[in-house]
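[1] Okay, structure incoming, though there's no sequence with it:
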Ligand SMILES: Cc1cc2nc3c(=O)[nH]c(=O)nc-3n(C[C@H](O)[C@H](O)[C@H](O)COP(=O)(O)OP(=O)(O)OC[C@H]3O[C@@H](n4cnc5c(N)ncnc54)[C@H](O)[C@@H]3O)c2cc1C
Ligand code: SF4
Ligand code: SF4
Ligand code: SF4
């Protein structure tokens, strides 16, 4: 990897240069919550001052730019018994992602495995992924983050460049040729020994700040053994079956397809909608049989898919420990607590 | 150089390779060339890919399925029910259960449909050469079973003893009745049983397991050591049948079943068909029974 | 009524059913949503033949296949009208929350009828009855939820009727659509919301506008109302606020045991 | 001379709600002329009792599907007046803009879909789709614009979601407002064409002197709050609305009736134009003059024209409002609400006339008593007296049954009655 350091003010030049010619998505403040805490989201930004470089965690992940919640996969023009199908991957220009945390970059890396690496790569995703210029940025652990447990607290690849604040300057890891070329146009410097040291220190300092964690030792086996555990029922009683966890999750990718017919009957569309395995009809098949009729069986399935099945298939879990689902779940169901309770074969606290 | 990022197009013009990015939503346009009513609920559709080159390229193996699309109506998986030798001119036996299938029951010959696939695993017919085969179907299970049956028929000399065992609720639900004589003529023993006979029924009455019990009495243990079984039907049925066969020490890895789940893509993306975290569309629909036993919540 | 040529979809002829609109006690807003479809009204009319629509047209026929009935039953004479519609119609559609659940009208059922009459009319005699949804009187074949109904959903249902494909509703709750729309959760903003237990299909209409859901579309399948009550309490909302929302449109009546004082 | 005549219109069509007209003339003598309202009451005033203040606007909007925005705003105003909240200038402008667009969509709906078929002698707007496609397209275009603005500002064209006590839950996007401004400017042409269409219609010649009640404008044409005025010279404060309405029950109607200085009075577009003529936008006044509409106009059929005049007024005024809103930075969308004990009245001019909501709250912010007086209930008595006079006048002229039935129906429709709302 090639490294550079830049003065902090230079970041603005980089932004200005990129945003003049490209669409730029970045973290911005979207309002305050009831206790006055700043809420963040990813949005298109035109103004560097709007970019919240020190954002904590966005409520929704970056996935809608790669896997839109609702996407037209194909359109049809109808002609009596015949029809024509048109396919569009819904991207016509590359875009810049300015300021993505390591967990979200790792989430994309994991999605890459299923959506680009398997026998049937998914072009809708690939077209967006291959056209995203990603600038990563270092972060501060939040109370619900457990990325360190999931091995996603640092991103080794999957970005173009990664920025770390080392006090007076930014330390930059460069991964792509494109990024290297862009950086030639602003003032950069070769890092000196002291810069490397501050970079390492920043990393070490971050490690001490994690409050939440998940013990993943032998987790796949434990999940297997605890398949019938009563613990699941207790979490199932809490779950609303609302799908919020999957919607905020940076790695949940499952979907449903709906067909639409225009009201004048001359056109139709095939629409992909991100779904959630917690929804009541996720596993309903012909004849009405539901393979997972109870909330607990669906909640359990979500954990099995992420923490067992995916691990078996790809040697790593489909959870990056961003903590969003726990944060968003109104029923306060969080990954660390669920896993801990399964591990101990009991429900965490009373209530 | 200006600062515009270069656009990377993922589109590739060749639409037939599995790993080709642009093949994901690629549909072969096909025409319904005939519709044959089998029962009140099921029709047999003959569907021919229109482009001759594409038709020739559409190769499949027994047990595989395709995704059938009617624009604006739906897109669903169906097992191919015709011989693999006929390539892109396939037959599907479809039961009317919901939106897409009911609409299909109203379309006419000549309507164009979309086909994606073929997808999924298949029955390893080659492994069964020289062995006895038990082909067991319950209800609509005969639709997917018809492909291995025709495979065996076309390659009859390669197989030893062939039993076809087929059961339905009542005689009116029997599928493909016009083919029974031909199967018998090809030296395949066909045993049919119905649960609820009507006045005209002269054959056997009861559950499929009854036929299997009869076979157990008739054959010695050596027979079962050299036997493969393909079981298609509702989970409750194959669960019973497979555990019965296992009593005769037929290894679970020599029994094959086909699972049915909801599917939207057929390509391991939508997750709807997952059993535990196994994709029915990629690792299935054909599984050996040992694998099924190990899948959580499969049956 | 505009007569357009018979259409077909994928070679299957499209039925152009004769439809009639009726209203019992309601604000007539759901019917108005039909006239509010400025952009697609003409296409809508080519799919169905409207033979009765008092709010929009004079005259009308009593031969129809599909009856869209808006409003709830709040007076005894409406029972007879509804039964008559049921006898004629092949398909009776409960159109909007009043028809499906009683709507806001059913809030009247909190009181005894005599008090209600006296409060509004004094000693002047008026007739009124307990508010009931359509299915308390007759069999309902199809429900279109919402207060008001969502025109996109009405159009979709009518299109499906015309081409003869299945009519399906989302079985999941509003939160699903709300998240997909990228909204900040109202609980984060300190507002109550029934999104977690209410049937989706409105595309999270209210939360999109930073207004909490009041459950006008009734309960989603397999909803977890006990958990919702717990959540509301944990967010500092009183039992009264919870009840106000849950009882507003009548969709949750039958799930309110223990909440009512 | 007409000797015998029997007219019985059961459930008058192309009006909102259920009402019947009965006229019977025997031997040249009027036996009966009756405007009967048979709508089922829904008892909103009772069902509000015991509910917390924040329920009121949400529930009360559901009194009427056509003017749900007006009801919501009246309800909000009543709550705000009870709690002593004065809306910010930004809120005031946004509410007025929202109100204007509801007025526009409702007037256009009435003029084209409900009233015009009478003048063109067809049963509904549907045959016009083929015979007059451009007319229908024009109506749809204006209505769509009005509804789009309502969606943008109120969150929803019907039963708005953003309107709350204290302001709005969220503000519109300025870019969208700019877009609407251009569409509003463009729609002026359509309104001129609408006027052209109505010039081709013959407005029945019928005059019955009556009293007109509306809000009184001070320096702008009034829609939300302010003093109450009548063309007979009565002036009252907003909270004295009961002295303006004097509701009473009658046997022929499930809706209450109202009266002021005479046996009946009228509210609505014509009343507003009659009482506030000088405050209309100049181009709106020009349209009025072209139709010979000048205060005080006593021909009830001219209410259609008054609606047309107001349509022009609200479009012109909305352009000004958007200019103002675009010229300043956004303030907070809503102000905090502190509940207190008291009574509040909200008077709002909805398309069909002046509407009052009045709530009495206890210390805990619960409604103890509610009262809503709907424009159409104020008009019922006037409609009845007009019908009687009409029957007498036209019987004397020897009019045919069908013509009289048509004219009677048109008369009632001119008021654009909202019956289900009057029997709320
Ligand atoms: C590998 C495989 C092979 C199959 N082979 C055949 C066959 O040979 N013949 C045959 O008649 N059927 C077959 N099926 C079942 C067939 O896919 C369903 O009957 C079909 O999807 C129903 O579609 P529909 O639109 O008519 O029903 P819908 O209206 O969609 O729904 C009817 C019911 O089916 C469920 N459902 C919806 N979509 C699917 C889906 N894609 N898969 C399963 N359930 C669904 C619904 O939730 C509902 O309960 C097969 C299924 C699989 C997975
Ligand atoms: S775990 Fe939480 S967020 Fe997920 S479906 Fe259940 S209640 Fe909703
Ligand atoms: S605002 Fe309401 S609907 Fe949206 S996520 Fe929150 S609770 Fe669910
Ligand atoms: S968000 Fe709730 S109240 Fe609003 S329209 Fe949807 S279901 Fe009705």
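    Here it is on my side, so go on. Just so you know, these numbers come straight off a predicted model, no measurement behind them. Ligands and ions are numbered 1, 2, ... in the order given.
[2] To what extent is the closest residue to residue D:256 other than its chain neighbours buried, counted in neighbours?
    With Cβ to Cβ, 6 or more residues apart in numbering or on different chains as the criterion, residue D:256 has its nearest non-adjacent residue at 4.4 Å, and that residue is residue D:247. For glycine as for every other residue, the C-beta is placed from the backbone atoms N, C-alpha and C. Neighbourhood size, residue D:247 [other Cβ atoms under 10 Å in any protein chain shown]: 14.
[3] how about residue D:247, what does it touch?
    For residue D:247, the residues meeting the contact criterion (Cβ atoms under 8 Å, 6 or more residues apart in numbering or on different chains) are D:256, D:257, D:258, D:373, D:377.
[4] Pipe the residues you listed into a markdown table and attach pLDDT and distance to residue D:198 per row.
    Below are the contacts of residue D:247 laid out as a markdown table (pLDDT from 0 to 100; distance: Cβ to Cβ, whole Å):
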| residue | pLDDT | distance to residue D:198 |
| --- | --- | --- |
| D:256 | 82 | 33 |
| D:257 | 86 | 30 |
| D:258 | 89 | 29 |
| D:373 | 93 | 30 |
| D:377 | 90 | 28 |
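[5] about what we covered before: from residue D:289, how far off is the residue nearest to residue D:256?
    Distance check for residue D:247 against residue D:289: by Cβ to Cβ, to the nearest Å, it reads 36 Å.
[6] Equivalent analysis for residue C:181, please.
    On the measure of Cβ to Cβ, residue C:181 and residue D:289 end up 49 Å apart.
[7] and the two? which has more neighbours close in?
    When residue C:181 and residue D:289 are compared on other Cβ under 10 Å, the one with more neighbours turns out to be residue C:181, at 15 against 12.
[8] Which pLDDT value goes with the more buried one?
    Looking at residue C:181, its pLDDT reads 95.
[9] any idea how far it is from residue A:95?
    Computed as Cβ to Cβ, the residue C:181 to residue A:95 distance reads 21 Å.
[10] Name the nearest residue to residue D:262, sequence neighbours excluded.
    That would be residue D:211: by Cβ to Cβ, 6+ apart, it lies 5.2 Å from residue D:262.
[11] quick one: the strands in the stretch 101-250 of chain B?
    Secondary structure of the stretch 101-250 of chain B (DSSP state E, counting those that start in this stretch): strands located at B:112-119, B:132-138, B:162-168, B:189-194, B:204-205, B:227-232.
[12] To residue C:257, which of those lies closest?
    strand B:132-138 (44.3 Å; Cβ to Cβ).
[13] Tell me which other helices or strands the helix or strand bottoming out on mean pLDDT in chain D touches.
    Among the helices and strands of chain D, helix D:419-422 carries the lowest confidence by mean pLDDT, DSSP states H and E, at a mean of 80. Using 3 or more Cβ pairs under 8 Å, 6 or more residues apart in numbering or on different chains; DSSP states H and E, the elements in contact with helix D:419-422 are helix D:375-397.
[14] neighbouring contacts of stretch D:289-307?
    Here stretch D:289-307 has contacts from D:107, D:110-111, D:115, D:195, D:198-199, D:203-210, D:212, D:231, D:266, D:268-270, D:272-275, D:277, D:288, D:308-309, D:351, D:382, D:386, D:410-411, D:414-416, using Cβ under 8 Å, 6+ apart.
[15] what do you get for stretch D:385-402?
    D:1-2, D:5-7, D:21, D:23, D:25, D:28, D:30, D:33-35, D:206, D:208, D:210, D:263-264, D:300, D:403-404, D:407-408, D:411-412.
[16] for stretch B:199-213, same thing?
    Taking Cβ under 8 Å, 6+ apart as the criterion, the residues outside stretch B:199-213 that touch it are B:136, B:138, B:165-167, B:171, B:191-195, B:197, B:233, B:237, B:240-241, B:244-245.
[17] For that stretch, what is the distance to the chain centroid?
    In this view, stretch B:199-213 has its centroid 23 Å away from the chain centroid, taken as Cα atoms, centre = their mean, to the nearest Å.
[18] Look at the closest residue to ligand 1 within the stretch 201-350 of chain D and report its pLDDT.
    Closest residue of the stretch 201-350 of chain D to ligand 1, Cβ to the nearest ligand atom: residue D:333 (42.4 Å). On pLDDT, residue D:333 comes in at 95.
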